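> what's the 3D shape of this:
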Amino acid sequence: MPLKAFMTLRLSLLCAKLPGHPRVARFHQGLLLLRPHARHGNIRRVDHHLTRAQFLTGALAVAGSALLAGCTQQREEHSSTTSETTTGTQPGSSTTTTTAPPPPPAEHYEGRVPREFGLHMDGITDTVPTTPGTTTVALTFDACGGPTGSGVDQGLVDTLREFSVPATLFLNSRWIDVHPHETQSLIDDPLFLIHSHGTLHAPLSVTGQSAYGIAGTADPAAAIAEIEDNRELLRTYGVESDWFRSGTAHYDDVALEIARDRGVKIAGFTVNADYGATSPANQVAAAIMDAPDGAIVLAHMNQPSSGTAAGVRAALEQMRGGTHRFVFVDGTAPDDL
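Next up, the predicted model:
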């Protein structure tokens, strides 16, 4: 077979595989217009003349396109492989994975002597942001757990749901362990924000300082465990808690630093509404109704025989009408989430 015919046949086959390149398309068109003469067996031109220069240009285009196609296929395969290993990036951007350093260990705080111990000090959040034209209040309820503190004030929970009033619930690990189903139900309700009330319900201290006859955590390691153990328990329920209220709501300043180093905010209070679930209903109601703008109200949800639920209901009935806005301890509300 003559060389030109052989090249034409091979390049025609390549053109059939590589139709997209414009020079290949033009060259292919020229080839298709070349066909054997029926009687003489030679090649004759039908409509277009394919010059030697065009023939060589087309041949080079085909060869180049073949290489380009191979590169493209490899690039697509590489891109496919890369997409399986690189995620979350935008074109032209780069990602840098950074890991926050771990918080200091207990030894970091050894030997520190607290200067303060109490309910209200720097590092404790006692109020929430306010909104002009309305009185903003954050209702918070503690579930303390333990032998005499593991009840469920279902009347209180039902009242909050009836009035569609959001509240932050601080759950102790002992209460969670006794009430796993109730815990999950509260977590699943967007009306409630769940955070930690500690592990053993102890005042947070590095020296064992007590409050109301309840011994505080004895040292930095115990303070860390009081924060982190219940935090880890809440994670098993899908809750990442970054707010904490200790048993008795007492702290020393070194313990506050330990919490801060772990990214944990401390929930204090402006108004103590039920004094450990010991106040009668009328006093609970008055405390809530008289709460100032931006107040965090502290009460309890673990003593169903107390006056707390009745007092909350009486207060909410009087606070209807849009004069008050109820929020979580972090200042948000369900509509804001």
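> what stretches of this protein score poorly on pLDDT?
Counting by pLDDT under 70, the ranges of the chain that qualify are 1-97, 336-337.
> what segments of it are helices?
Taking DSSP state H as the criterion, the chain contains helices spanning 3-17, 22-32, 52-85, 154-162, 173-178, 180-188, 220-235, 253-261, 281-289, 308-318.
> tell me, what residue is most central in the protein?
When the chain is reduced to its mean C-alpha position, the nearest residue by C-alpha atoms, centre = their mean turns out to be residue 240, at 8.1 Å.
> OK, contacts around residue 319?
288-289 (C-beta atoms under 8 Å, 6 or more residues apart in numbering). All C-beta atoms are positioned from the backbone trio N, CA, C, and that covers glycine.
> with adjacent residues omitted, what lies nearest to residue 240?
Setting aside the residues directly before and after it, residue 240 is nearest to residue 234 in space (C-beta to C-beta, 6 or more residues apart in numbering), at 7.6 Å.
> what about that neighbour, neighbour count?
By the criterion of other C-beta atoms under 10 Å, residue 234 has 19 neighbours.
> you'd agree it is up against residue 196?
Yes. Using C-beta atoms under 8 Å, residue 234 is in contact with residue 196, at 6.2 Å.
> between these two, what contacts are shared?
171, 241.
> so how far is stretch 314-321 off the chain centroid?
Once both centres are worked out by C-alpha atoms, centre = their mean, to the nearest Å, stretch 314-321 turns out to sit 34 Å from its chain's centre.
> state which strand of this structure is the longest.
strand 135-143 (DSSP state E).
> so how far is residue 284 from the closest residue to residue 278 other than its chain neighbours?
In space, and not counting its chain neighbours, residue 278 is closest to residue 306: 7.1 Å by C-beta to C-beta, 6+ apart. Using C-beta to C-beta, to the nearest Å, we find residue 306 at a distance of 9 Å from residue 284.
> need the residues touching each of the two.
Between them, residue 306 and residue 284 share these contacting residues under C-beta under 8 Å, 6+ apart: residue 274.
> looking only at neighbour counts, state which of these two leads.
For residue 306 and residue 284, the more surrounded residue by other C-beta under 10 Å is residue 284, and the numbers stand at 26 against 23.
> what residues are up against the closest residue to residue 117 other than its chain neighbours?
Of all residues beyond its chain neighbours, the one nearest residue 117 is residue 252 (4.4 Å), with distances taken as C-beta to C-beta, 6+ apart. Listed by C-beta under 8 Å, 6+ apart, the contact set of residue 252 reads 114, 116-117, 204-207, 209, 216.
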